[in-house]
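Engineer: Sequence plus the predicted model coming up.
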Amino acid sequence: MNHEELDASLDSFGDALASATRVTPGNALRPEDIAVAGAKPSDEVAQYALHLGDDALILAQRLSHWISRAPEIEEDIALGNIALDVLGHARSFLTYAGLAWDKSEDDLAYWREEEDFTSLQIVEQPNGHFGVTIMRQLIISIYQHLLYSKLLESTDETIAAICAKAVKEVDYHRDHSAAWTIRLGQGTEESAAKMRHALEVLWPYTGEMFQDEELHRTLGDVAVLPSTLREAWEKEITDVLAEAGLEIPKSGMAMAHGRVGEHSEHLGFILAEMQVLARKHPGASW
Amino acid sequence: MSHKSNWPLWEVFVRSSRGLSHVHAGSLHAPDKEMALRNARDLYTRRNEGVSLWVVRSTDIITSDPDSKDAFFESPQGKDYRHATYYKASEGVKHL
């Protein structure tokens, strides 16, 4: 549609322009803009963007599984929205990382093997029941909110720009999962028991989120040292859990090293489902 | 968690931009007012439709009775003198 046609069609809306269903695309940063902007990252910066992108991609894939399966239609859409937000972050980070290696976001998402993925093990943990998904989202969205907030100061402009969009979205994810955690924790005996169970199965994977890598030190002010997020993260999640009547479990930490491609048995199944279409029909577009 | 049939119905009003009124957009189910507002955000503003949201319990809205439509709404018909256009500007009145 050219501009004149667009103007004409807008005119025909008349008063509808002022209606509650008015649609405006906004002007947020999109992966397509990153691809054409052409600011090629160094290998180290690309590796860091890959870490952030892989976390988001695997989490988005996990969350999308809820679509059509959530307990209520309203929550179905909420989880779908969150999955799409997170997928958007993944697309931006992977597009940026790919510029260093002449690869597209799709090359990185669909054509890498399990051991090439650098995501944290917390994001590949099974959805379990609704409480497990909400607890995983609480854990990761508080973390991402702190991380992206600090990355607004990154000396890498593209990473800072991606985070500027993402931080507002993960702020809502944090709010959404905290609201549910409090309601389920304070709900019935059954819902509280399920939330305690969710905490117990997920807590061991929180340690990995704060492990510093050599890469972080090499990158200096481009990146954030994960260990520096720990105190604020623990305070924030403890406050939510306290309001929900839940306690941090005493379980130990898992030996998780997702950043170097060591994954639990779950990632292979996630990738099999995520990659099958692109691999079966190479070059297909949809 | 109570079954959805126990979740009350809420009406959603969206303001699409500053200066415009909130407009009724639809309804949803939610267990309480905070979740109603979040659900409204997720259901009715995902295509950038809004800058402000109201949610109201459906049962808190007082509606006119469809059966008393005649008594309620037909009286103004034919009363053209209630419109400014009914009146002619008097001679010699400027700036009208």
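Structural biologist: Sure, I can see it.

Engineer: Looking at chain B, which helix is longest?
Structural biologist: helix B:33-44 (DSSP state H).

Engineer: Distance of A:K250 relative to chain B?
Structural biologist: 28 Å (CB to the nearest CB, to the nearest Å). The C-beta positions use only the backbone N, C-alpha and C, and glycine is treated the same way.

Engineer: check which helix or strand covers that residue.
Structural biologist: Assigned by DSSP states H and E, A:K250 falls within no helix or strand.

Engineer: and it, how many neighbours?
Structural biologist: A:K250: 7 surrounding residues under other CB atoms under 10 Å in any protein chain shown.

Engineer: separation between it and A:L199?
Structural biologist: As judged by CB to CB, to the nearest Å, A:K250 and A:L199 stand 11 Å apart.

Engineer: For chain B, give the residue positioned nearest to chain A.
Structural biologist: At 3.7 Å from chain A, B:V23 is the closest residue in chain B, using CB to the nearest CB.

Engineer: What is the neighbour count of that residue?
Structural biologist: 17.

Engineer: Please verify my assumption that it contacts B:S17.
Structural biologist: No - if you go by CB atoms under 8 Å, B:V23 and B:S17 don't touch, sitting 11.2 Å apart.

Engineer: Pull the residues that contact the longest helix of chain B.
Structural biologist: By CB atoms under 8 Å, 6 or more residues apart in numbering or on different chains, the list of residues contacting helix B:33-44 from outside reads A:20, A:74-75, A:77-78, A:81, A:172, A:175-176, A:179, A:183, B:10, B:12, B:14, B:25-26, B:28-30, B:50, B:53, B:55.

Engineer: can you pull the buried residues of that helix?
Structural biologist: B:M35, B:A36, B:L37, B:R38, B:N39, B:A40, B:R41, B:D42, B:L43, B:Y44 (16 or more other CB atoms under 10 Å in any protein chain shown).

Engineer: Looking at those residues, spot the one nearest A:A278.
Structural biologist: Distance to A:A278 across these (CB to CB) is lowest for B:D42, with 29.1 Å.

Engineer: Could you give the average pLDDT over stretch B:20-39?
Structural biologist: Mean pLDDT, stretch B:20-39: 95.

Engineer: first to last residue in it, what's the distance?
Structural biologist: 22 Å (CA to CA, to the nearest Å).

Engineer: From the chain's centroid, how far away is it?
Structural biologist: Remark: stretch B:20-39 is offset 13 Å from the chain centroid, using CA atoms, centre = their mean, to the nearest Å.

Engineer: near chain A, which residues of chain B?
Structural biologist: Taking CB under 8 Å from any CB of the partner chain as the contact definition, chain B meets chain A at B:1, B:4, B:7, B:13-17, B:20, B:22-25, B:28-32, B:34-35, B:38-39, B:41-44, B:46-50.

Engineer: Not counting sequence-adjacent ones, nearest residue to B:H29?
Structural biologist: Excluding the flanking residues, the one nearest B:H29 by CB to CB, 6 or more residues apart in numbering or on different chains is B:W7, at 4.2 Å.

Engineer: What are the boundaries of the helices in the stretch 151-286 of chain A?
Structural biologist: Ranges of helices in the stretch 151-286 of chain A, per DSSP state H, counting those that start in this stretch, are A:157-185, A:189-202, A:214-219, A:230-243, A:266-280.

Engineer: Need the per-residue pLDDT for residue 66.
Structural biologist: All of this refers to chain A. pLDDT for A:W66: 97.

Engineer: Not quite, go with chain B.
Structural biologist: Confidence score, pLDDT, at B:P66: 88.

Engineer: Likewise for A:E214?
Structural biologist: So A:E214 comes in at 95 (pLDDT).

Engineer: same check, this time on the one 10 residues further on
Structural biologist: At A:V224, the predicted lDDT confidence score is 97.

Engineer: my guess is it contacts A:L147, does it?
Structural biologist: Yes - counting by CB under 8 Å, A:V224 touches A:L147, with 5.9 Å between them.

Engineer: ok, A:Y143 - how many residues close by?
Structural biologist: Residues contacting A:Y143 under the criterion other CB under 10 Å number 25.

Engineer: Which strand or helix spans the spatially most central residue of chain A?
Structural biologist: Nearest residue to the geometric centre of chain A (CA atoms, centre = their mean): A:A56, 3.2 Å. Following DSSP H and E, one finds A:A56 within helix A:43-64.

Engineer: What is the helix or strand following that helix packed up against?
Structural biologist: With elements assigned by DSSP H and E, the helix or strand that comes after helix A:43-64 is helix A:73-101. Packing partners of helix A:73-101 (3 or more CB pairs under 8 Å, 6 or more residues apart in numbering or on different chains; DSSP states H and E): helix A:31-37, helix A:43-64, helix A:105-110, helix A:130-151, helix A:157-185, helix B:33-44.
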